[in-house]
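Peer 1: give me coordinates for this.
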Amino acid sequence: MMTTPNRFSGRLAVIGGGKMGEAIVSGLLASGTVPADRITIAEPVGARRDELASRYSVGVVSDGIQALGDADMVILAVKPQAVDQVVKGLSQALARAVLVSIAAGITCARLESFLPEGSSVVRVMPNTPVMVREGMAIVSGGSSVSDEQIQTVAGLFSAVGRAIVVPESAQDAGTAISGSGPAYFALVVDALARAGVAQGLTRDTAQALAVQTMLGTAKMLEETGMHPEALIDGVSSPGGTTIAAINVLEDRAVRAAFAEAVSAAVRRSRELGS
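Peer 2: Got it, this is the predicted structure:
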């Protein structure tokens with residue numbers, strides 16, 4: 001179920017001021033979803049704190065406990081390997097807030113095991129296009145969170161793109177597609193650009209052609225609801241250039257390569273969770 005953005009009236013703490021934490025804050029501020037005076041970021045590295053403080057009009061502190069204060073929602077934006085230690089250290093302070101984790105592979109049950117019974121936990125996998133407010137976030141609730149709280153979280157992430165609520169059992173597969181997906185598409189763009197250069201185009205021209213074609217195709221699929229196979233058939237004239245190219249891609253088993261890549265990402269997501 002897709003959701004639409006809603007203005008958040010509570011206080012928000014973001015634990016971790018890395019690229020993803022910053023991207024989320026930047027998008028929320030740009031969309032007007034959360035006022036700057038209601039956001040506090042906890043970031044342990046001094047130089048990074050200074051950078052964030054100079055860029056945004058939000059509170060930036062070094063300590064997670066200080067950041068939490070009276071926060072109604074806490075976004076945990078740290079590496080999966082650091083999640084256990086951070087949540088254990090903030091356990092009691094997190095009791096009254098909704099904890100939102102964006103750590104790949106980390107289940108709600110695992111987070112709940114470190115928190116007081118009945119704590120509200122939501123698992124979210126956003127992707128890096130949140131930086132340009134075109135992200136895709138997969139949202140799943142834990143055992144004690146309410147539907148209203150899940151929708152509030154989904155509404156926040158809709159402000160930096162789109163959000164879809166799914167059962168947690170779908171998180172690993174979703175992570176493998178949208179969480180890791182920007183890298184797949186960037187690989188395709190780079191491959192096309194390099195191929196264009198080999199055929200005599202400049203790098204800038206070849207990359208511009210690849211990027212705009214990807215944007216336009218995505219928009220076409222989104223707005224028309226067309227099945228991708230129908231789009232391929234529509235572009236592939238009998239005996240033409242497109243079908244010649246598609247035949248090469250099929251011979252090289254490009255579809256199978258993507259299927260194997262997604263399977264590998266799913267396995268790794270599960271490994272991180274264990």
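Peer 1: CA only for contacts and neighbour counts going forward, please
Peer 2: Fine.
Peer 1: in whichever strand or helix holds L187, what's buried?
Peer 2: L187 is located in helix 181-198, with elements delineated by DSSP states H and E. Residues of helix 181-198 classed as buried by neighbour count (16 or more other CA atoms under 10 Å): G181, V189, D190, L192, A193, R194, G196, V197.
Peer 1: what segments of the protein are helices?
Peer 2: In the chain, the segments counted as helices under DSSP state H are 19-31, 46-55, 64-68, 80-90, 108-112, 147-158, 171-174, 181-198, 203-224, 228-235, 241-251, 254-273.
Peer 1: I'd like the buried residues of helix 181-198 as TSV, with pLDDT and distance to A264 appended.
Peer 2: As requested, the buried residues of helix 181-198 are exported to TSV (pLDDT from 0 to 100; distance: CA to CA, whole Å):
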residue	pLDDT	distance to A264
G181	96	13
V189	98	21
D190	98	22
L192	98	24
A193	98	26
R194	98	26
G196	98	30
V197	98	31
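Peer 1: and which of these is nearest G142?
Peer 2: G181 (24.9 Å; CA to CA).
Peer 1: got the contact list for that closest one?
Peer 2: Neighbouring residues of G181 by CA atoms under 8 Å, 6 or more residues apart in numbering: there are none.
Peer 1: A109 too?
Peer 2: Here A109 is in contact with G142, S143 (criterion: CA under 8 Å, 6+ apart).
Peer 1: what about it, distance to G17?
Peer 2: 25 Å (CA to CA, to the nearest Å).
Peer 1: ok so, going back, any idea of the angle the helix holding L187 forms with helix 254-273?
Peer 2: If you take axes from the mean of the first three to the mean of the last three CA atoms, to 10 degrees, helix 181-198 sits at 140 degrees to helix 254-273.
Peer 1: now do helix 181-198 against helix 203-224, angle only.
Peer 2: 130 degrees.
Peer 1: quick one: low-confidence ranges for the chain?
Peer 2: Scanning the chain for pLDDT under 70 picks out 1-6.
Peer 1: change it to 80
Peer 2: 1-7, 9, 95, 273-274 (pLDDT under 80).
Peer 1: domains in it, by residue range?
Peer 2: As assigned by automatic domain parsing, the chain contains the domains 12-166, 181-273.
Peer 1: of all the ones you listed, which one comes closest to A173?
Peer 2: domain 181-273 (5.6 Å).
Peer 1: just the endpoints, please. Distance across that closest one?
Peer 2: Termini of domain 181-273 sit 20 Å apart (CA to CA).
Peer 1: could you do stretch 218-236 as well?
Peer 2: The straight-line separation of the ends of stretch 218-236 (CA to CA) is 18 Å.
Peer 1: show residues contacting it.
Peer 2: T242, I243.
Peer 1: how about that stretch: buried residues?
Peer 2: S236.
Peer 1: how distant is that stretch from the center of its chain?
Peer 2: Chain-centre distance of stretch 218-236: 24 Å, with CA atoms, centre = their mean, to the nearest Å.
Peer 1: ok so, going back, show me which pair in the buried residues of helix 181-198 is furthest apart.
Peer 2: Largest separation among the buried residues of helix 181-198 by CA to CA: G181 and V197, giving 24.5 Å.
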